[in-house]
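> Coordinates for the following, if possible.
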Amino acid sequence: MSAIRVLLIILAAVTMLGIWLTGFDKAHWVLYLPVIMLGFAGITGFCPGIMILKKLGLKGPSLNG
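Reported below is the predicted structural model:
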């Protein structure tokens, strides 16, 4: 597993910890989107945000290694 994939998983976990400490009933549903997307990108290696930015002409990191 590459360092960037581990970083994405850690970011998802820290964000989820913040939501948990705030209270699941008090956190807005939008705060769950980054947790889901970061976890998905970290586990699968497929990040839709990076792919969109690459299509727009920007250079980005490769999640595959």
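> Now do the contacts for Leu7.
Gly42 (C-beta atoms under 8 Å, 6 or more residues apart in numbering). Quick note: C-beta positions are derived from backbone N, CA and C, even for glycine.
> Now do the SS call for it.
Of the three states, Leu7 takes helix according to DSSP: H, G, I helix; E, B strand; the rest coil.
> how close does the most centrally placed residue in the chain get to Tyr32?
Per C-alpha atoms, centre = their mean, the C-alpha nearest to the average position across the chain is that of Leu38, at 1.4 Å. Look at Leu38 and Tyr32: by C-beta to C-beta, to the nearest Å, they are 11 Å apart.
> What about Leu58, how many residues nearby?
9 (other C-beta atoms under 10 Å).
> now swap in Thr44 and tell me
10.
> Tell me the spacing between it and Ile36.
Taken as C-beta to C-beta, the span from Thr44 to Ile36 is 12 Å.
> Tell me where the model's unsure across this structure.
Residues of the chain that meet the criterion pLDDT under 70 lie in 1, 60-65.
> what about 80?
In the predicted model of the chain, residues 1-2, 48-50, 59-65 satisfy pLDDT under 80.
> where along it do the strands fall?
For the chain, applying DSSP state E gives no strands.
> where exactly do the helices run in it?
Using DSSP state H, the helices of the chain run over residues 3-22, 32-44, 48-55.
> Next, the angle helix 32-44 makes with the first one.
Between helix 3-22 and helix 32-44, the angle formed by their directions is 150 degrees, by axes from the mean of the first three to the mean of the last three C-alpha atoms, to 10 degrees.
> So which bits of helix 3-22 are buried?
Ile4, Arg5, Leu8, Ile9, Leu11, Ala12, Thr15, Met16, Ile19 (16 or more other C-beta atoms under 10 Å).
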